[in-house]
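K.L.:
Below are the sequence and a predicted model; questions follow.
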Amino acid sequence: MKFNPGRAIVAGLAGTAAMTMLMTMAPAMGLPPMNVPAMLGSMMGGNVILGWVAHFLTGTVLALGYAALFASRLPGHAAARGVLYSLLPWLMAGLVVMPMMGRGFFSGAILAAVGSLMGHLLYGAVIGTVYGTRAAVPVTPHPARA
């Protein structure tokens, strides 16, 4: 599949939106609150608007990375490739980003790690699906059925 940055940007925005919706439902599912824009904004002078921009920008950049480097290399259907890829940003968030924000590895709690994993898996499924499948194979009728 040829790299398509426009489609990757749309996939990143859609994936980030889906992940954000799941984050808002986290407490109703028995998971700790996951307000990534507020956490990011706290690192930017407390400006939650900048946190929202950073959240969607990160999701878009990660989708561009997926499209450029992984979409045509990972096995499986488009959604499965996105889910496989999503394990990488989940690990980076849990092992690097959260400790940098003073929250410990995977936010220091198994439920937070599970909630983050759920959000990242949803993000990956959406970016994989929206970005699409490998190059389309023309459908030809079966000779016996033609």
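P.N.:
Cool, got the structure.

K.L.:
Spit out the contact partners of residue 7.
P.N.:
Residues in contact with residue 7, defined by CB atoms under 8 Å, 6 or more residues apart in numbering, are 67, 130, 131, 132. From N, CA and C alone the C-beta is placed, and that goes for glycine too.

K.L.:
What subset of those residues is buried?
P.N.:
Of the members of the contacts of residue 7, the ones counted as buried by neighbours, 16 or more other CB atoms under 10 Å, are 67, 130, 131, 132.

K.L.:
all helices for this protein, in order.
P.N.:
Taking DSSP state H as the criterion, the chain carries its helices at 5-25, 36-42, 48-65, 78-92, 98-100, 110-131.

K.L.:
and residue 95, how many neighbours does it have?
P.N.:
12 (other CB atoms under 10 Å).

K.L.:
Give me the residue at the spatial middle of the protein.
P.N.:
residue 123 (3.2 Å; CA atoms, centre = their mean).

K.L.:
what sits against it?
P.N.:
Going by CB under 8 Å, 6+ apart, residue 123 touches 15, 16, 18, 19, 59, 82, 86, 89.

K.L.:
residues touching the fifth one, list them.
P.N.:
Neighbour list for residue 59: 12, 13, 15, 16, 19, 123 [criterion: CB under 8 Å, 6+ apart].

K.L.:
Could you rerun that using 7 Å?
P.N.:
Taking CB atoms under 7 Å, 6 or more residues apart in numbering, we find residue 59 in contact with 12, 15, 16, 123.

K.L.:
Next: the first one.
P.N.:
Listed by CB under 7 Å, 6+ apart, the contact partners of residue 15 are 59, 63, 123, 126, 127.
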